[in-house]
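A.B. asks: Task: produce atomic coordinates for the following.
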Amino acid sequence: MSVTNTSGRRKTAVARIYLKDGDGVITVNGKDHKEYFPTLPLQYIVNQSLEVSEMVGKYDVQVNVAGGGIKGQAEAVRLAIAKAIVELDSEKKPALRAKGLMTRDMRMVERKKPGRKKARKKFQFSKR
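C.D. replies: Below is the predicted model of the structure:
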């Protein structure tokens, strides 16, 4: 029984996963994924890679995720699972790529600039 280890990132969230043969249990930071990600859209995001590759219930996934918010963490887990599936079976890659699950989303929060309230917000201009 081999264990596949991959990581996924989104914004400032980093997910490390361990994928092994099992009956479809997903554990996130020691909790069940339905407890850690309480809303249905987040649960859908986490399961999306397994559903697209038709591997639901075939593997146990153990996840360590840190940083960012809950949505970024869910998307980081999704990317990590997709990368692990491709590592096990490279024939699944075109299906995952077609749904956009193999691409690391590079969008990050823009940094705050000096002398401004936020990244782009400027102080009110007074002509007179």
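
A.B. asks: and Gly72, how far is that from Val65?
C.D. replies: Distance, Gly72 to Val65, by C-beta to C-beta, to the nearest Å: 9 Å. (C-beta placed from N, C-alpha, C; glycine too.)

A.B. asks: can you map out the helices along the chain?
C.D. replies: Counting by DSSP state H, residue ranges of the helices within the chain are 33-36, 40-52, 70-88, 93-98.

A.B. asks: Compare these and give me the one nearest Met106.
C.D. replies: Ranking the helices of the chain by proximity to Met106 (C-beta to C-beta) places helix 70-88 first, at 11.7 Å.

A.B. asks: what about the closest one, distance to the chain center?
C.D. replies: How far helix 70-88 lies from its chain's middle: 5 Å, per C-alpha atoms, centre = their mean, to the nearest Å.

A.B. asks: What would that helix look like as CSV? C-alpha coordinates only.
C.D. replies: Extracted in CSV, the C-alpha atoms of helix 70-88 (Å, rounded to 0.1, in the frame of the first residue of the first chain):
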residue,chain,number,x,y,z
ILE,A,70,-11.4,28.7,4.4
LYS,A,71,-12.1,29.1,0.7
GLY,A,72,-8.4,29.4,-0.2
GLN,A,73,-7.8,26.3,1.9
ALA,A,74,-10.5,24.3,0.1
GLU,A,75,-9.1,25.3,-3.3
ALA,A,76,-5.5,24.4,-2.1
VAL,A,77,-6.8,20.9,-1.1
ARG,A,78,-8.5,20.5,-4.5
LEU,A,79,-5.3,21.3,-6.4
ALA,A,80,-3.3,18.9,-4.1
ILE,A,81,-5.7,16.0,-4.7
ALA,A,82,-5.7,16.6,-8.4
LYS,A,83,-1.9,16.5,-8.5
ALA,A,84,-1.9,13.3,-6.5
ILE,A,85,-4.4,11.6,-8.8
VAL,A,86,-2.3,12.5,-11.9
GLU,A,87,0.8,11.1,-10.1
LEU,A,88,-1.1,7.8,-9.6
